[in-house]
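Enquirer: A predicted structure for the sequence below; I have some questions about it.
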Amino acid sequence: MSRLGAREEGDASGSLLATRQSPKEVTKMSSRVIGAILVLAGIAVVLVTVFAESLGIGVSSGGIEGAPTSPAFGWKQWAGLAVGLVLALAGLAALLRQPSARPRT
């Protein structure tokens, strides 16, 4: 193996080691990413649920073509609203959670 080849291999492995993160950093970043995804998913569920009738999702015609629909907030919308809020709050908790100062054994 030439000297240049050995140096290139050393540089490559050195740069790989320099970019690796400790398991704590990976876990912390992962919980933040998961938290952000949960917040966005929760907000999306809430918005789709609240504007379901405007979007034409689950609108019942009442059996008569063109009859006005009930403007009431249905039970499925309440359930969707609750699920969306729980998702958003769980994501927010994951985003704001501080890592423990105690090392785990």
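Expert: On my side now, so go ahead.
Enquirer: in this structure, which helix is the longest?
Expert: For the chain, the helix with the greatest residue count under DSSP state H is helix 23-50.
Enquirer: buried set for that helix?
Expert: G35, L38, V39, A41, G42, V45, V46, T49 (16 or more other C-beta atoms under 10 Å). Every residue, glycine included, has its C-beta placed from N, CA and C.
Enquirer: wait, doesn't the fifth one sit right on A88?
Expert: Yes - look at G42 against A88 with C-beta atoms under 8 Å: they come within range, at 2.9 Å.
Enquirer: which one of the buried residues of helix 23-50 is nearest to W78?
Expert: Within the buried residues of helix 23-50, the smallest distance to W78 is 8.4 Å, found for T49 (C-beta to C-beta).
Enquirer: residues near the residue nearest to that closest one when sequence neighbours are not counted, how many?
Expert: If the residues on either side of it in the chain are set aside, T49 comes closest to G80, at 3.3 Å by C-beta to C-beta, 6 or more residues apart in numbering. Counted with other C-beta atoms under 10 Å, the neighbours of G80 add up to 19.
Enquirer: residues contacting the closest residue to V83 other than its chain neighbours?
Expert: In space, and not counting its chain neighbours, V83 is closest to V45: 5.9 Å by C-beta to C-beta, 6+ apart. Shown in contact with V45 (C-beta atoms under 8 Å, 6 or more residues apart in numbering): G80, V83, G84, L87.
Enquirer: quick check: the gap between V45 and S30.
Expert: 22 Å (C-beta to C-beta, to the nearest Å).
Enquirer: check L40 too.
Expert: Per C-beta to C-beta, L40 is found 16 Å from S30.
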